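**Q** Need a 3D model of the sequence below.
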Amino acid sequence: MNYRGFAILSLIFAVIIIVFAVANIDPVPVNYLFGEAQWPLILVILGSALLGFLISALLSAWQKVARKKSKS
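**A** Numbers count the residues shown, from 1 in each chain. Predicted coordinates for the structure are as follows:
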């Protein structure tokens, strides 16, 4: 897939996540190791999506570096 197709799919996926998050604004309990708090579901959804994006971006960058090292 070329870059333009990937960018369009990423944008569509981001819009779907945002619409889903905005539709769910009720507070939900979030359990920590040391307690519990009430957070709006929109923050939980967007935070999870952001964390997933960051993890996948870091793993992708790590793969690129590993491939560069193995070629040299």
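**Q** What are the buried residues along stretch 28-37?
**A** For stretch 28-37, the neighbour count (16 or more other C-beta atoms under 10 Å) marks no residue as buried. The way it works is simple: take the backbone N, C-alpha and C, and place the C-beta from them, glycine included.
**Q** Please point out which parts of the helix or strand hosting W62 sit buried.
**A** Mapping W62 onto the secondary structure by DSSP states H and E places it in helix 41-71. Neighbour-count burial for helix 41-71 flags L41, I42, I45, L46, A49 (criterion: 16+ other C-beta under 10 Å).
**Q** Who are the packing partners of it?
**A** Applying 3 or more C-beta pairs under 8 Å, 6 or more residues apart in numbering; DSSP states H and E, one finds that helix 41-71 contacts helix 3-23, strand 27-31.
**Q** Let's test this: mean pLDDT of stretch 10-19, rounded?
**A** Mean per-residue pLDDT for stretch 10-19: 90.
**Q** now L9: how far from V15?
**A** According to C-beta to C-beta, to the nearest Å, L9 and V15 sit 11 Å apart.
**Q** oh sorry, the question was meant for L58
**A** Taken as C-beta to C-beta, the span from L58 to V15 is 24 Å.
**Q** go on, L41?
**A** 18 Å.
**Q** same thing with Y32?
**A** Per C-beta to C-beta, Y32 is found 31 Å from V15.
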